[in-house]
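>>> all I have is the shape, not the residue letters:
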């Protein structure tokens, strides 16, 4: 089934008051296949060491729990794309400098680099960076974001907009089918308008 | 050259162009619709169900391309990675303005025009609006009153389908409504708070929207995915592609020509009438002429004005049909940027499911029964309540399991009120042809002069005061009034197709009035032709 057929099926739903959730999910799965992207490009900005460092930091920010973490969302690929095609030159430099600083902090804690630091050392480094980022934000609300704010932002957005994050964690539904205005709910279910 | 001949030419295929085409074709005229942009195929071009991970930049947009090609359009919320293709390329479509008085002209050039990504809010005007110019002396008096247009509002609303709540307010006449969408928990609290404290003078209701809440005219009810501006394959909101153009096509009298950039109107000096239009083919740049007995300009407020200004003749040296000298003057926008927000305590175990593509409305309450001492005319509020979603995790302290939990839970209920104020018609807010600028097709471009007057600034200030009052009355916490009166925003024009004929702007969204005026004008034109008066 292609997208044109999807239109036809949805058009045929005129007669029913609301689309059933089951059929909505089926239809969405069809749409997902119809729009699947080809394989990603190779890394263009991050070298293998930097990519691995990014992946480790991202997984510490959003770890695997009952749902996949940042690693499953392949954050380094997305961040590399932003650095290569989206980020202004000074933002890219700040980000790469930030990664170098993370290694420098690991060396100060007697590890070879962030990658080979212990779990406790890595958490300690990020805890310090997070506190510095909060301080910087308080001091200069409209200043340039701290490296760790930047890293956290791209991790959260990259994870939530990934297939793994959006489906497993946010329970993305392309076609909710109805609007419930004040439902008891303890779990976010995202729809296209949330992205 | 022997130009093909039609009974009618309609310039533009958007909100009003589609209506002109439908009405003229259904009344028996062989009609040519000229659209400057490309054709749209919903199955190929609509992207509302494409998930974010299939977008190259996940919805962030291609920053460099936006800054290079859409430096004006990107100011509109709807011009993002998904729907940016429905907005024009600003390098191909230049206009000029004083950098100290920026004006964001939001434009769509494709079959469907801006009806693809308009805001879908529809509010009838009342005699409070049609009388306004006569009452306070700004602008020229409207030649019609509510009674003249009411049957045409009925006609348009019954065909396109409007959901909303009837309120019986004289300043905001009720329409032909499908069942209203529901208010969410926070909106119900604010509605009750306003009702209790303002004794009917101020009222909160669900937005009146051109979005179906039940099947209508062969189109499906809304399925609440949310981002209508990306297109809608079920045609659940009104746009010309899914509603009016198919009706015109069904008559067998419609010819729709995309890639047809209208340069100017051909004026027949001897017979003192429009003979047709000059067109530049958007793809080949070939100059063409099309002739017809009548011409409808439905190209948008500013495009239709530009076409008239570019149609200079010996009799009309300052632009066609400009014997009054008013053409290009009295540019109006909505005064926006005033309002308030706050948080609504409680209801933390409640949320919405689905994205309702509609907000709330607070009809105008200033200068309705008693004159306000500080300003003329008034404003309405749009906005709504909602809980913070996953995006808030990006700015909260900490990392790890605790931060991840924020992704699946939600923040407190927030509530925002955004004022939409009426802009006074003023001759100094104007457009003219810039002698030094042409667009990618060689058509002379506009120079725009637009700024707020004291009256708009006072409206904006009052929005922040009255908005905060209402939120406080509803028990909101952290109420923050805001005013941003620096710019002549043009977000409103996103929803506009042909407003070039308007004598005032009211505070309501104008599109439904444009549609009703277009349908009325089409009926008048055909009746006049049948009586051989035209």
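Right, received. Where do you want to start? If you're wondering where the values come from, they're calculated on a predicted model, not measured in any experiment.

>>> wait, what's in contact with the closest residue to chain A within chain B?
Closest contact between chain B and chain A, by C-beta to the nearest C-beta, is at residue B:226 (2.1 Å). The way it works is simple: take the backbone N, C-alpha and C, and place the C-beta from them, glycine included. By C-beta atoms under 8 Å, 6 or more residues apart in numbering or on different chains, the contact list for residue B:226 reads A:191-194, B:48, B:354-357.

>>> residue B:147 too?
Contacts of residue B:147 (C-beta under 8 Å, 6+ apart): none.

>>> how about low-confidence regions in chain A?
In the predicted model, chain A carries pLDDT under 70 at residues A:1-41, A:186.

>>> for chain B, same thing?
B:1-4, B:485-498.

>>> and the residue of chain B closest to chain A, helix, strand or coil?
Under DSSP: H, G, I helix; E, B strand; the rest coil, residue B:226 falls in the coil class.

>>> all helices in the chain, in order from the N-terminus.
You didn't pick a chain, so chain A it is. Assigned by DSSP state H, chain A shows helices spanning A:3-12, A:21-34, A:48-61, A:75-81, A:89-108, A:119-139, A:147-160, A:163-164.

>>> my question was about chain B, not that one.
B:15-26, B:42-45, B:63-69, B:127-130, B:132-136, B:146-160, B:185-198, B:244-250, B:301-309, B:401-408, B:454-473, B:511-530.

>>> which one is the residue in chain A that chain B sits nearest to nearest to, not counting chain neighbours?
Using C-beta to the nearest C-beta, residue A:193 is the residue of chain A that sits closest to chain B, at 2.1 Å. Leaving out its chain neighbours, the residue that sits closest to residue A:193 by C-beta to C-beta, 6 or more residues apart in numbering or on different chains is residue B:226, at 2.1 Å.

>>> okay, the one you found and residue B:361: tell me how far apart.
Noted for residue B:226: a distance of 19 Å to residue B:361, by C-beta to C-beta, to the nearest Å.

>>> show me chain A divided up by domain.
A:3-36+A:169-194, A:48-161 (automatic domain parsing).

>>> among these, which is nearest residue B:120?
Taking C-beta to C-beta, domain A:3-36+A:169-194 is the member of the domains of chain A nearest to residue B:120, at 13.4 Å.

>>> minimum distance to residue B:319: which of the helices of chain A has it?
Across the helices of chain A, the minimum distance to residue B:319, taken as C-beta to C-beta, is reached by helix A:3-12, at 43.5 Å.

>>> residue A:175 reaches residue A:193, doesn't it?
No. Judged on C-beta atoms under 8 Å, residue A:175 makes no contact with residue A:193 at a distance of 11.6 Å.

>>> the two - which one has more neighbours?
The residue with more neighbours, out of residue A:175 and residue A:193, is residue A:175; 27 against 17, by other C-beta atoms under 10 Å in any protein chain shown.

>>> so which bits of the stretch 301-450 of chain B are right by chain A?
Contact residues, the stretch 301-450 of chain B versus chain A (C-beta under 8 Å from any C-beta of the partner chain): B:347, B:349-357, B:389-391, B:393-395, B:397-401, B:403-404, B:407-410.

>>> among those residues, which lie within strands?
Secondary structure from DSSP state E places B:350-353 of these in strands.

>>> neighbours around residue 171, how many?
All of this is about chain A. Residue A:171, neighbours per other C-beta under 10 Å, totals 14.

>>> my bad, the chain I had in mind was chain B
Neighbours of residue B:171 using other C-beta under 10 Å come to 22.

>>> for it, what are its contacts?
B:126, B:128, B:363-364, B:368.

>>> coming back round to it: I figured the residue of chain A closest to chain B hits residue B:358, correct?
No. In terms of C-beta under 8 Å, residue A:193 does not count as a neighbour of residue B:358; the distance is 11.1 Å.

>>> my read is that residue B:197 contacts residue B:471, right?
No. The criterion here is C-beta under 8 Å, and residue B:197 misses it with residue B:471 at 10.9 Å.

>>> looking at these two, which has the bigger crowd around it?
residue B:471 (28 against 14).

>>> now the more buried one: how far from residue B:352?
20 Å.

>>> equivalent analysis for residue B:527, please.
48 Å.

>>> which of these two has more neighbours?
Legend: neighbour count by other C-beta under 10 Å for residue B:527 and residue B:352, higher for residue B:352 (24 against 12).

>>> residues touching the residue lying closest to the more buried one once chain neighbours are set aside, list them.
The shortest distance from residue B:352 to any non-neighbouring residue, by C-beta to C-beta, 6+ apart, is to residue B:184 (5.1 Å). Contacts here follow C-beta under 8 Å, 6+ apart; on that basis residue B:184 touches A:181-182, B:352, B:356, B:384-386.

>>> can you do 7 Å?
Counting by C-beta atoms under 7 Å, 6 or more residues apart in numbering or on different chains, residue B:184 touches A:181-182, B:352, B:385.

>>> repeat for residue B:161
Residue B:161 neighbours (C-beta under 7 Å, 6+ apart): B:178, B:210, B:212, B:216-217, B:238.

>>> what about stretch B:106-119, how long is it end to end?
12 Å (C-alpha to C-alpha, to the nearest Å).

>>> with stretch B:371-382 instead?
End-to-end distance (C-alpha to C-alpha), stretch B:371-382: 23 Å.

>>> which parts of it are buried?
B:375-382 (16 or more other C-beta atoms under 10 Å in any protein chain shown).

>>> need the residues that contact that stretch.
Against stretch B:371-382 from outside (C-beta under 7 Å, 6+ apart): B:121, B:132, B:136, B:207, B:339, B:359-364, B:366-368, B:417-422, B:424, B:455, B:458-459, B:462-463, B:467, B:507-508.

>>> quick one, what contacts the nearest residue to residue B:264 once chain neighbours are set aside?
Nearest residue to residue B:264, sequence neighbours excluded (C-beta to C-beta, 6+ apart): residue B:311, at 4.0 Å. Applying C-beta under 7 Å, 6+ apart to residue B:311 gives the contacts B:264-265, B:267, B:319-320.

>>> ok, 6 Å please
The contact partners of residue B:311, taken as C-beta atoms under 6 Å, 6 or more residues apart in numbering or on different chains, are B:264-265, B:320.

>>> and for residue B:112, the neighbour number?
The burial count for residue B:112: 28, using other C-beta under 10 Å.

>>> give me the distance between it and residue B:175.
Taking C-beta to C-beta, one finds residue B:112 at 23 Å from residue B:175.

>>> please apply the same query to residue B:283.
41 Å.

>>> still on that earlier bit, of all the domains of chain A, which lies closest to residue B:52?
Closest among the domains of chain A, using C-beta to C-beta: domain A:48-161, at 3.8 Å.

>>> what about the closest one, near chain B?
Yes. If you take C-beta under 6 Å from any C-beta of the partner chain as the test, domain A:48-161 does meet chain B, through A:61-63, A:86, A:126, A:134, A:152-153, A:156, A:160-161.
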